[in-house]
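1. fold the following for me, if possible:
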Amino acid sequence: MPLLLKFSRLVDRLSGLIGKLAMWLILAATFISATNAIVRKAFGVSSNAWLEIQWYLFAAVFMLGGGYAFLRNAHVRIDFISSKFSARTRNWIDVGGILIFLLPLCYLMVAEAWPLFNRAWVSGEMSSNAGGLVRWPVYALIPLGFALLALQGISELIKRLAFLTGHGPDPLDHTGPSETELLAKEIAAAEKLKQEAALASAQKH
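-> Okay, here's the model as predicted:
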């Protein structure tokens, strides 16, 4: 189990990095969309390539963010029902969901999407729109996204089995402060240090 938990932590770290990348992709998509709108309105100029890259980026955020959402327990969950169950029951339900639904779905999606990507790669398929983009990068997001989701699913399965066998904490226990609350505390602490430094500097003068 310790070796499996070490693997789980590595997967979690990978999902966290990809999640941060997805956040930057949202910013990039917003910037491109705003720039396209301004240029189109101000100069009457538009480009299918820049329009298509917006939905390429959106597809990347959606497909690559699945594993990160699972890591942060941000997916839809019927809390008012699951809250009535014990911690062990909730984890057993998750184990069943991962094994029966999530991992088989990910396998099927990767198996079905890989030939689509391979055909686009070999043929050099291009968008049917004038000035459009090559298609294989966006097709590649489908098998890649589901492979990453499956990897995170295995990590979550390990953490739940570790809890059920007494080798780890409850991965569904989120009674502590949220990431937003922790970030707010860090900002407040940094602001307090800045004010103290400014006060000390004023007293010296």
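2. which residue is nearest the centroid of this structure?
-> Nearest residue to the geometric centre of the chain (C-alpha atoms, centre = their mean): Gly65, 2.5 Å.
3. quickly find the element holding the closest residue to it other than its chain neighbours.
-> Counting by C-beta to C-beta, 6 or more residues apart in numbering, Ala22 is the residue found nearest to Gly65 once chain neighbours are left out, at 4.5 Å. The way it works is simple: take the backbone N, C-alpha and C, and place the C-beta from them, glycine included. Ala22 is located in helix 2-43, with elements delineated by DSSP states H and E.
4. about what we covered before: list the contacts of the residue nearest to the centre of the chain.
-> The contact partners of Gly65, taken as C-beta atoms under 8 Å, 6 or more residues apart in numbering, are 18-19, 22.
5. go through those residues and name the one nearest Thr89.
-> Nearest to Thr89, judged by C-beta to C-beta, of the contacts of Gly65 is Gly19 at 28.6 Å.
6. which positions in stretch 41-54 come out as buried?
-> 50-53 (16 or more other C-beta atoms under 10 Å).
7. cool, stretch 29-36 as well?
-> 29, 32-33, 36.
8. who's in contact with it?
-> Outside stretch 29-36, the residues that reach it (C-beta under 8 Å, 6+ apart) are 46-47, 50-51, 53-54, 57-58, 61.
9. repeat that with 6 Å
-> The contact list for stretch 29-36 (C-beta atoms under 6 Å, 6 or more residues apart in numbering) reads 50, 54, 57-58.
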